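Next one to model:
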Amino acid sequence: MSDRRLLDVPPLSDLGRQRIRQAVFDRLDREVLVQPAAPQPARRRTILLAAVGVAAAAAVALLLIRDGANDRPVARVPSPSRITTGESPSQVAVGDARITAGPHAALMVTEGGDAGVQVLIERGRIEFAVAPRGERPPFVVLAADVRVEVIGTVFTVARDGDDVTVAVAKGVVRVTRGGEEAHVAAGQSWPAPVEPAVEPPEEAELTFEPEPAKAARAKRKSHEQPPVSTEPAPPTSRERYEAAVAAEKTRPEEALATYRALAAEGGEWADNALFAEARLELDLGRKDAARRSLSAYLRRYPRGANAGLARALLDGLQ
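Alright, predicted model coming up:
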């Protein structure tokens with residue numbers, strides 16, 4: 001019987017076989033050049049070919065194993081997207097949810113996979129149409145210090161500085177503020193409207209005043225009124241902030257200067273201004289400046305309306 005053993009070699013591609021064949025013949029040529037008087041037996045050449053084939057198959061298998069390991073799913077890092085509108089509203093779909101941003105609105109949407117969807121409203125009126133979540137991760141809307149968790153509904157959230165209102169058209173939402181929780185159903189709004197107190201009308205006092213005395217009193221009153229100022233009133237903090245938002249694309253340095261000034265002055269728009277400064281620095285590719293601004297925001301407003309998103313952006317810069 002022949003002592004040759006059949007080896008189970010995995011099939012190779014044409015390119016792999018060509019490379020192995022060339023390597024074998026190169027080695028044989030070298031051996032012939034070194035020992036020209038002692039030609040190699042055919043059996044040794046057959047064994048050498050088989051051994052090279054086994055080595056090549058092992059190398060291919062190792063590559064396949066390593067490639068397979070590299071194909072393991074990698075955890076997805078949440079990536080926030082910012083949406084702004086001008087004079088006209090805009091609509092965007094996030095999964096099976098529909099978000100309609102009204103004019104002059106700004107919001108940040110973060111899709112976090114198992115963490116669900118988080119929408120941070122910076123300003124404006126936003127309408128949401130969200131299918132029932134069931135067992136899926138939550139869909140959460142944040143506006144200032146108000147948290148709205150969606151159960152499955154059509155609703156609207158409007159933010160003007162720290163003033164936030166929620167109106168539900170269909171379904172129900174869970175609203176949380178300052179540790180207090182409320183369920184708002186279709187046809188309801190949050191906060192609940194306050195009925196104005198009705199005061200009884202005062203009885204008019206009938207008096208008689210002669211015409212000359214009435215004319216003299218009217219003339220005296222006109223002289224007592226202070227002169228009307230013709231100088232325009234300085235812009236409010238909100239007007240300055242909105243002007244900086246509008247200037248971001250064409251005059252980013254001017255917008256940054258306004259954000260820094262508002263943040264330094266304090267007040268109700270300092271929180272948004274400091275976060276907008278960090279976000280704009282990041283949009284301009286200035287990662288070091290964005291990192292400093294985000295760190296300053298979290299030191300100053302650790303529980304601010306934009307703190308959650310600031311931490312997510314800062315983690316992405318580490």
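
The protein: strands as residue ranges?
In the chain, the segments counted as strands under DSSP state E are 79-84, 90-94, 97-101, 106-111, 117-130, 139-143, 146-160, 163-177, 180-185, 189-190.

now the angle from the first one to strand 106-111?
Between strand 79-84 and strand 106-111, the angle formed by their directions is 160 degrees, by axes from the mean of the first three to the mean of the last three Cα atoms, to 10 degrees.

which parts of strand 79-84 are buried?
Using 16 or more other Cβ atoms under 10 Å as the test for burial, strand 79-84 gives 80, 83, 84. In short, each C-beta sits where N, CA and C put it, glycine included.

The last one touches residue 108, doesn't it?
Yep, that's residue 84 we're talking about. No: the pair residue 84 / residue 108 is not scored as a contact, 10.0 Å apart, by Cβ atoms under 8 Å.

hang on, the earlier thing: go through the strands of the chain and name the closest to residue 251.
Closest to residue 251 of those is strand 79-84 (Cβ to Cβ; 15.4 Å).

Which strands and helices lie in contact with the closest one?
strand 106-111, helix 307-317 (3 or more Cβ pairs under 8 Å, 6 or more residues apart in numbering; DSSP states H and E).

on that earlier part again, name the nearest of the buried residues of strand 79-84 relative to residue 137.
Residue 137 lies nearest to residue 80 out of these, by Cβ to Cβ, at 16.0 Å.

Name the nearest residue to the closest one, sequence neighbours excluded.
Distance criterion Cβ to Cβ, 6 or more residues apart in numbering; nearest residue to residue 80, sequence neighbours excluded, is residue 110 at 4.3 Å.

Now do the same contact list for the one you found.
Neighbour list for residue 110: 78, 79, 80, 81, 117, 118, 119, 120, 309, 312 [criterion: Cβ atoms under 8 Å, 6 or more residues apart in numbering].

ditto for residue 154
By Cβ under 8 Å, 6+ apart, residue 154 lies in contact with 127, 128, 129, 130, 168, 169, 170, 171.

hmm, back to that, single out the most deeply packed of the strands of the chain.
strand 139-143 (a mean of 23; mean count of other Cβ atoms under 10 Å).

Tabulate the CA atom coordinates of that one in CSV.
Output in CSV follows, covering the C-alpha atoms of strand 139-143 (Å, rounded to 0.1, in the frame of the first residue of the first chain):
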residue,chain,number,x,y,z
PHE,A,139,-39.5,58.6,24.5
VAL,A,140,-38.7,61.6,26.7
VAL,A,141,-39.0,65.4,26.0
LEU,A,142,-37.0,67.9,28.2
ALA,A,143,-37.8,71.6,28.3
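
packing partners for that strand?
Strand 139-143 sits against strand 117-130, strand 146-160, with contacts defined as 3+ Cβ pairs under 8 Å, 6+ apart.

try 10 Å this time
strand 106-111, strand 117-130, strand 146-160, strand 163-177, helix 307-317 (3 or more Cβ pairs under 10 Å, 6 or more residues apart in numbering; DSSP states H and E).

and residue 90, which of the helices and strands packed on strand 79-84 is closest to it?
strand 106-111 (10.2 Å).

can I get the strands of the chain in TSV with distance to residue 301?
Output for these, formatted as TSV (distance: least, Cβ to Cβ, whole Å):
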stretch	distance to residue 301
strand 79-84	18
strand 90-94	26
strand 97-101	24
strand 106-111	16
strand 117-130	13
strand 139-143	13
strand 146-160	16
strand 163-177	17
strand 180-185	21
strand 189-190	24
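
Dump the ones you listed into a markdown table; add mean pLDDT and distance to residue 234 as well.
Shown next, in a markdown table, are the strands of the chain (pLDDT from 0 to 100; distance: least, Cβ to Cβ, whole Å):
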| stretch | mean pLDDT | distance to residue 234 |
| --- | --- | --- |
| strand 79-84 | 83 | 25 |
| strand 90-94 | 86 | 32 |
| strand 97-101 | 89 | 30 |
| strand 106-111 | 88 | 24 |
| strand 117-130 | 90 | 21 |
| strand 139-143 | 90 | 28 |
| strand 146-160 | 84 | 20 |
| strand 163-177 | 87 | 22 |
| strand 180-185 | 85 | 37 |
| strand 189-190 | 89 | 34 |
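
Any idea which of the ones you listed gets closest to residue 283?
Closest to residue 283 of those is strand 79-84 (Cβ to Cβ; 8.1 Å).
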